[in-house]
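In: Pasting the sequence and the predicted model now:
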Amino acid sequence: MEITIDSSITSIIPDFKVGFIQYHHIQVGPSPQMLKGRLQLFQESIFFDLHDKNVTELEGIASWRDVFKKTGKDPNRYRHSAEALFRRVKKQNYLSTINSSIDLNNFFSLQYEVPIGIYDRTKLTGDSLTLKIGESGQVYKGLNGRENSLENLIVLCDGNGPFGSPFVDSERAPVGEETKHAVQIIFLKPSLSIEESEKLTKSLMDMFVGIHGGEGSFEVVGG
């Protein structure tokens, strides 16, 4: 599978880039104690770090708020997924464990301060994905249980249209314990260099494969 970034994004944000990882023959299940422990300790550390600081002061959070602003999506009404995680932690509403894949996704999203999406490959249509800006009238039902307007939002599309975004993903391709093949998108900070982006993306892939087995391959697209 390949991924491309539409000119509707690059014309506004020339250095827009994503880390794209493909996994095969993975085994998703309950999170190992190591991961659950690290996620809990990390959230407690973030909570104390945010004691006298606003979430929007964090570099990654501010960077993606700026991306939303540039595409025409109000970041105060539509908070990207990484910001939503940090706001939960600041309220001490810590994330509960879901499964090894989602927990690791959340861990790295908090660590890198950027949105990250992971999707079941078998629930996607076609051999190519496209990142573009959503059009007027486009909606999907998200994992937040609501119909979400995709207008002016960066969306990830397959042959059947939009299914993911750095705001909230749709219900169409979530990863569960039945997932054997997956694709993962790291919505990188535009300011990050290609070398730093590759290092960060590989680090996530290596830890994911270390926990889930199987094989992974990655590339950084855009920038």
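Out: That came through fine. Numbers count the residues shown, from 1 in each chain.
In: Just the helices from this protein, written as ranges.
Out: Under the criterion DSSP state H, helices of the chain are mapped to 7-10, 33-49, 59-71, 81-90, 100-112, 194-212.
In: quick one, which of those is nearest to Thr179?
Out: Closest to Thr179 of the helices of the chain, according to C-beta to C-beta: helix 100-112, at 7.0 Å. For every residue, glycine as well, the C-beta is placed using N, CA and C.
In: show me what contacts the residue most central in space within the chain?
Out: With distances taken as C-alpha atoms, centre = their mean, the residue of the chain nearest its centroid is Ile116 (1.4 Å). By C-beta atoms under 8 Å, 6 or more residues apart in numbering, the residues touching Ile116 are 81-82, 105, 108-109, 184-187, 204.
In: Now neighbour count, distance to Gly60 and pLDDT too, for these, in a markdown table please.
Out: Below are the contacts of Ile116 laid out as a markdown table (neighbours: other C-beta atoms under 10 Å; distance: C-beta to C-beta, whole Å; pLDDT from 0 to 100):
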| residue | neighbour count | distance to Gly60 | pLDDT |
| --- | --- | --- | --- |
| Ser81 | 23 | 12 | 97 |
| Ala82 | 26 | 6 | 97 |
| Asn105 | 22 | 15 | 96 |
| Phe108 | 19 | 11 | 96 |
| Ser109 | 25 | 9 | 97 |
| Gln184 | 25 | 17 | 98 |
| Ile185 | 23 | 15 | 98 |
| Ile186 | 26 | 11 | 98 |
| Phe187 | 27 | 10 | 98 |
| Leu204 | 23 | 14 | 97 |
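In: Check the separation of the first and last residues in stretch 74-81.
Out: Counting by C-alpha to C-alpha, to the nearest Å, the length from the leading to the trailing residue of stretch 74-81 is 14 Å.
In: what's the answer for stretch 65-84, then?
Out: Separation of the first and last residues of stretch 65-84 by C-alpha to C-alpha is 11 Å.
In: ok, and what's touching it?
Out: Looking at what lies outside stretch 65-84 - C-beta under 8 Å, 6+ apart - the contacts are 9, 12-13, 16, 55-56, 60-61, 64, 87, 109-110, 112-117, 133, 152-154, 166-168, 187, 190.
In: ok, now stretch 211-219?
Out: Residues lying outside stretch 211-219 but in contact with it, judged by C-beta under 8 Å, 6+ apart, are 19-28, 32, 35, 100-101, 104, 180, 198, 201-202, 205-206, 208-209.
In: Quick one: neighbours of Met1, just the number.
Out: 13 (other C-beta atoms under 10 Å).
In: picking that back up, compute the distance between the residue nearest to the centre of the chain and Tyr78, please.
Out: 17 Å (C-beta to C-beta, to the nearest Å).
In: before we move on, what about Arg65?
Out: Relative to Tyr78, Arg65 is positioned 10 Å away (C-beta to C-beta).
In: ditto for Val175
Out: For Val175, the distance to Tyr78 equals 23 Å [C-beta to C-beta].
In: Report the buried residues of stretch 48-61.
Out: The neighbour-count check on stretch 48-61 (16 or more other C-beta atoms under 10 Å) flags 50, 55, 58, 60-61 as buried.
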